[in-house]
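Q: Predicted model and sequence follow; I will ask about them next.
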Amino acid sequence: MPLQNGARAAAEQQGKASPAASVLRRRGSAVALLVLRVATLCASAGAAAVTAIGGGALLGRAAFRLLLAADAIVAVYSAVEAAAAVWEVARGDTPLPEAVQLWFDFGHDQGFGYMALAAAAVAARDAAAAAARGDAAVVLGFAAFAFMAMAALVTGFRVACFLATGSRFAPPPPSSASYY
């Protein structure tokens, strides 16, 4: 039975590095993704909440209704991805098969990131005519995009590692002993 979800790469690397370094290397990107997912969740939920609380002054404008919808979708996606990141940190594997999970994360990060950017950009045009809550909602919307873009960089790196090595983990640096 073939090894899956990074178990092959972990099995190959066993004995090549100290156990602590191996665990840190394997879990580092998952922890980084968890932090970025939670930051995206907070920013997008904040943007959606500020827009919703703004009442008629904001929701009367189509741009802010788009911002509300886009950031609500991004918040739900980020909550699901944060749960997947917690799973990966705790268990050491991905909830879905590794290849599916990597492409799912990368593709959705790209799509939802650009959706958040587009909604914030459209709302920014109308923010000058709206109250201070409109400005706050736009800033939080752009922050959600920024965190999502950073997460897309991490997931893109994990996809590249998977394509190059067959695992989502970057190969360890060569030891100095291998040069002699």
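A: Structure's in. What do you need?

Q: For stretch 162-170, list the C-alpha coordinates in PDB.
A: Provided in PDB are the C-alpha atoms of stretch 162-170 (Å, rounded to 0.1, in the frame of the first residue of the first chain):
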ATOM      1  CA  PHE A 162       4.600  18.800  -4.100                       C
ATOM      2  CA  LEU A 163       5.300  19.000  -7.800                       C
ATOM      3  CA  ALA A 164       9.000  18.900  -7.200                       C
ATOM      4  CA  THR A 165       9.300  16.300  -4.400                       C
ATOM      5  CA  GLY A 166       6.000  14.500  -4.200                       C
ATOM      6  CA  SER A 167       5.400  16.000  -0.700                       C
ATOM      7  CA  ARG A 168       4.000  19.400   0.500                       C
ATOM      8  CA  PHE A 169       7.200  19.800   2.600                       C
ATOM      9  CA  ALA A 170      10.300  21.500   1.400                       C
END
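
Q: Buried residues of that stretch, list them for me.
A: Across stretch 162-170, burial judged by 16 or more other CB atoms under 10 Å covers F162, S167, R168, F169, A170. (C-beta placed from N, C-alpha, C; glycine too.)

Q: In helices only, show me those.
A: Using DSSP state H, the subset of the buried residues of stretch 162-170 located in helices is F162.

Q: just curious, which of the buried residues of stretch 162-170 is nearest to Q101?
A: R168 (8.2 Å; CB to CB).

Q: ok, the closest one to R27 distance?
A: Counting by CB to CB, to the nearest Å, the separation of R168 from R27 is 11 Å.

Q: could you point out which element follows the one helix or strand W87 maps to?
A: Here W87, judged by DSSP states H and E, is contained in helix 62-91. Reading on from helix 62-91 to the C-terminus, the next helix or strand found by DSSP H and E is helix 98-127.

Q: Now do the same contact list for the nearest residue to A32 once chain neighbours are set aside.
A: Using CB to CB, 6 or more residues apart in numbering and skipping residues adjacent in sequence, the residue nearest A32 is V154, 5.6 Å away. By CB atoms under 8 Å, 6 or more residues apart in numbering, the contact list for V154 reads S29, A32, L33, L36.

Q: what's the burial count for A69?
A: Residues lying near A69 (other CB atoms under 10 Å) number 14.

Q: May I have the residues that are in contact with the nearest residue to it once chain neighbours are set aside?
A: Spatial nearest neighbour of A69, excluding adjacent residues (CB to CB, 6+ apart): A119 at 7.6 Å. Counting by CB under 8 Å, 6+ apart, A119 touches A63, L66, L67, A69, A70, D71, G141.
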